[in-house]
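In: model this:
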Amino acid sequence: TDRVGDARVGRNNVIVVEPRRVAARSAAQRMAKLMNEAVGDSVGYAVRGESRRSSKTSVLVMTDGVLLNMLQKDPELNGHDAVVLDEFHERGIGSDTALALLREVQLNYRPDLRVIVMSATLLGSGSDEREEEKEESTGAKLRKTLGGEGSCNVLRSEGRQYPITVQHAQRTSPRHAALLRDTKLLVKTMADVIEEGLSKAPDKGDVLAFL
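Out: Numbering: from 1, shown residues only. Predicted structure coming up:
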């Protein structure tokens, strides 16, 4: 803890990487709210064309594109103690490249840099250990990339589960192709389905609509 406190040169000690700009903003807003602070104080974010941070910021949420730019300018990520790659199952060229470069930084310049990869699905449910041990599985490859069993610890968070009721739109709804061609029709159809879902949802329930 003392080392982390002393290392706050730029006060951006922890970097949290989200796959999309909306997710980066939302994560920063949520963490700031839990701390009863404004975004840009202890928790800030940086996405393309927009940034909210200050000299007090110690947790900076960003997209993988912003992280890659940072690595180009400062390959050693001086002043940062840890990088968290969130939602890593939503893999793309940016996130895979970021992980590869972070491992290079760890192995060649910053053995003290912590890399945390978070995913709800990559290692499966944990009910079948043999599944995780398969060399061809994505989870096994990821763990090997992070140093293998001796260097990479796996932490599980069970989380909370809530009852869900699945409700499909009526068959009279327009076809998917028609909705994609007509924005007004898409908005009206989704609004009708959401309104129907809300009318059937419990008083304290929420609705998540998929196209």
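In: can you check the pLDDT for the residue positioned nearest the centre of the chain?
Out: Nearest residue to the geometric centre of the chain (CA atoms, centre = their mean): D86, 3.2 Å. As predicted, D86 sits at a pLDDT of 94.
In: how about it, what does it touch?
Out: By CB atoms under 8 Å, 6 or more residues apart in numbering, the residues touching D86 are V16, V17, E18, P19, A23, A27, M118. All C-beta atoms are positioned from the backbone trio N, CA, C, and that covers glycine.
In: which secondary structure element is home to the first one?
Out: Here V16 is covered by strand 14-18, with elements defined by DSSP states H and E.
In: what helices or strands is that strand leaning on?
Out: Secondary-structure packing of strand 14-18 (3 or more CB pairs under 8 Å, 6 or more residues apart in numbering; DSSP states H and E): helix 21-34, strand 59-63, helix 64-73, strand 82-85.
In: name every strand pairing with that strand and say which way it goes.
Out: Looking at strand 14-18 with DSSP bridges, its partner strands are strand 59-63 (parallel), strand 82-85 (parallel).
In: for S137, find the nearest of these.
Out: Closest to S137 of the strands paired with strand 14-18 is strand 82-85 (CB to CB; 18.2 Å).
In: still on that earlier bit, then the strand holding V16 to PDB, C-alphas only?
Out: This file holds the C-alpha atoms of strand 14-18, laid out as PDB (Å, rounded to 0.1, in the frame of the first residue of the first chain):
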ATOM      1  CA  VAL A  14      -4.800   1.800 -12.000                       C
ATOM      2  CA  ILE A  15      -5.900   1.600 -15.600                       C
ATOM      3  CA  VAL A  16      -9.200  -0.100 -16.400                       C
ATOM      4  CA  VAL A  17      -9.800  -1.100 -20.000                       C
ATOM      5  CA  GLU A  18     -13.300  -1.500 -21.400                       C
END
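In: any idea how far it is from the chain center?
Out: For strand 14-18, the separation from the chain centroid amounts to 8 Å (computed by CA atoms, centre = their mean, to the nearest Å).
In: please identify the buried residues of stretch 36-52?
Out: Judged by neighbour count (16 or more other CB atoms under 10 Å), stretch 36-52 contains these buried residues: V39, G40, D41, S42, V43, G44, Y45, A46, V47, R52.
In: the second one and D74, how far apart?
Out: Spelled out, it's G40. Distance, G40 to D74, using CB to CB, to the nearest Å: 21 Å.
In: run through the strands of this structure in chain order.
Out: Ranges of strands in the chain, per DSSP state E, are 14-18, 43-47, 50-52, 59-63, 82-85, 114-117.
In: so which of those comes closest to G92?
Out: Of the strands of the chain, the one closest to G92 (CB to CB) turns out to be strand 59-63, at 10.5 Å.
In: just the mean pLDDT for that closest one, thanks.
Out: Averaging pLDDT along strand 59-63 gives 96.
In: contact partners of it?
Out: 12-21, 24-25, 27-28, 31, 42-48, 53, 70, 94.
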